[in-house]
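quick one, fold the following:
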Amino acid sequence: MGKAFTLEEVEEIREKLLHAGEIIFVEKGLRKANIKDFTNAVGISTGSFYNFFENKEALLIELMDKYNYEIFEDQKRMIQRQIEENNFNFEELVMMTFMAYKNKAVYMMVFEKNDEYE
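Coordinates of the predicted model:
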């Protein structure tokens, strides 16, 4: 039977898995990445992965949720700043949002390799 993780270890490993996911998904794509890639990167057993995520797709979805939240928060700050300066610029907001998604490598991997499951 494997070692039980402390609450602190669970949080740390989950963050490490997310970070590894950013790198591995970009390098290998969704189809070629496997659970062992993630577990080797963070030093846990393959079976332990499933204590954190149901599958690699769930890991990718959480990464994308995290990015969406970060981009949303940036949008809120930009809108607030523009309102305070009495200079709301919708075009600037749209461009910032587009560039934020474009600069997230995992999104680019998904968009560029969207035929992997066809």
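
longest helix in the chain, by residue count?
Ordering each helix of the chain by length in residues (DSSP state H) puts helix 56-84 first.

that one - contacts with which helices or strands?
Secondary-structure packing of helix 56-84 (3 or more C-beta pairs under 8 Å, 6 or more residues apart in numbering; DSSP states H and E): helix 7-32, helix 35-42, helix 90-102, helix 105-112. Glycine gets a C-beta too; all of them are placed from N, C-alpha and C.

stretch 50-62: end-to-end distance?
Its first and final residues considered, stretch 50-62 spans 14 Å by C-alpha to C-alpha, to the nearest Å.

by mean pLDDT, point me to the weakest helix or strand of the protein.
Every helix and strand in the chain was compared by mean pLDDT, DSSP states H and E; the lowest is helix 105-112, with a mean of 64.

sorry, back to before: what are the buried residues along the longest helix of the chain?
Buried positions in helix 56-84, judged by neighbour count with 16 or more other C-beta atoms under 10 Å: 56, 59, 60, 62, 63, 67, 71, 78.

wait, isn't the first one in contact with residue 30?
Yes. Under the criterion of C-beta atoms under 8 Å, residue 56 is in contact with residue 30, at a separation of 7.1 Å.

overlap of the contact sets of those two?
Common contacts of residue 56 and residue 30 (C-beta atoms under 8 Å, 6 or more residues apart in numbering): none found.

tell me how far stretch 15-34 is from the chain's mean position?
Relative to its chain's centre, stretch 15-34 lies at 9 Å (C-alpha atoms, centre = their mean, to the nearest Å).

check contacts around the residue sitting nearest the centre point of the chain.
Residue closest to the average C-alpha location in the chain (C-alpha atoms, centre = their mean): residue 63, at 2.0 Å. Contacts of residue 63 were listed using C-beta under 8 Å, 6+ apart, and they are 18, 21, 22, 25, 106.
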